[in-house]
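Q: Can you look at this prediction? I've put the sequence above it.
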Amino acid sequence: MKSLLRLILKKLFFKNRTPREYPAVRILNEQIRERVFIKSKNGYVDITENHAVVCQTPFYMAIWMASDQLDHYSSNLFEIHILRGKTLIAKLSAWYHQKINENNLRIAVLKVEKARSYSLNYFHHHLLIRYFVRKRKITFKEGTIYGAIYSYPRRVIVVSFKNQDYYNIFPMDFQCYVKESNIFFLGLRTTNITLQKILNEKKW
């Protein structure tokens with residue numbers, strides 16, 4: 001019965017195409033039209049090259065700026081917008097969690113509380129999560145955050161870790177390399193069994 005309902009929904013709302021949870025696309029850097037901004041009382045601040053998702057479930061983002069720029073934000077609530085041209089395609093609300101100084105880099109860690117993706121309306125988004133996300137159970141809130149985060153194309157790398165008889169190789173798209181500070185941000189799920197091993201060894 002559920003399979004039949006899924007077929008009907010696919011035909012009615014998704015033009016008979018099977019929605020994919022994490023579609024991979026090949027795109028050149030110069031072809032990316034999306035930009036990521038923090039909205040402030042003075043307008044937008046571009047953080048496209050200065051942000052990374054650093055944790056999943058719960059979701060945390062890191063942004064880094066010059067030290068004096070972060071001090072301009074007096075509120076603990078940050079609003080992050082993803083635009084394609086001048087069109088708003090996703091929005092995230094995040095609370096300030098902590099600031100970190102590392103290798104002359106001023107980093108603000110934000111906890112994402114809610115999100116909205118405008119590529120699908122609320123009803124379509126609910127159907128997508130309810131009937132087509134089958135790999136694992138996620139809440140509607142998690143689904144909306146994933147949808148908003150993936151509104152900006154994420155570069156995929158392969159991470160490997162080895163320790164004595166244990167090894168693991170896995171792809172990662174929640175990551176970012178800050179060349180000028182020689183820092184890698186890796187956004188692992190808290191349930192990833194390799195996470196604690198990486199933290200203990202301080203290598204990957």
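A: Arrived safely. Fair warning: this is a prediction, and the values are worked out from it, not measured in the lab.

Q: At the geometric centre of this protein, which residue sits there?
A: The centroid of the chain falls nearest to Ile149 when counting by CA atoms, centre = their mean (3.8 Å).

Q: Name the SS class of the nearest residue to that residue once chain neighbours are set aside, please.
A: Using CB to CB, 6 or more residues apart in numbering and skipping residues adjacent in sequence, the residue nearest Ile149 is Val53, 5.9 Å away. C-betas here are computed from N, CA, C, even on glycine. When classified by DSSP: H, G, I helix; E, B strand; the rest coil, Val53 comes out as strand.

Q: and Val53, bridged to which residues?
A: Met61 (DSSP bridges).

Q: ok, it - how many residues close by?
A: 23 (other CB atoms under 10 Å).

Q: and the residue nearest to the centre of the chain, backbone torsions?
A: Per-residue torsions, Ile149: phi -60, psi -40 (degrees, to the nearest 10).

Q: just the one 5 residues further on next, same as before
A: Reported as degrees, to the nearest 10, the phi and psi values for Arg154 are phi -110, psi 130.

Q: That one contacts Phe174, doesn't it?
A: Yes. Using CB atoms under 8 Å, Arg154 makes contact with Phe174 at a distance of 6.8 Å.

Q: who touches both of these two?
A: In terms of CB atoms under 8 Å, 6 or more residues apart in numbering, Arg154 and Phe174 are both contacted by the residues Val53.

Q: Which one's more surrounded, those two?
A: Phe174 (20 against 17).

Q: contacting residues around that one?
A: Phe174 touches 52-54, 56, 149, 154, 186-188, counting by CB under 8 Å, 6+ apart.

Q: Phi and psi next, for it.
A: phi -90, psi 80.

Q: Can you tell me how far it is from Thr144?
A: According to CB to CB, to the nearest Å, Phe174 stands 16 Å off from Thr144.

Q: Do you know the pLDDT at Glu113?
A: Glu113 is assigned 95 on the pLDDT scale.

Q: Now it: closest residue in space, sequence neighbours ignored.
A: Among residues not flanking Glu113 along the chain, Ser93 sits closest, at 5.4 Å (CB to CB, 6+ apart).
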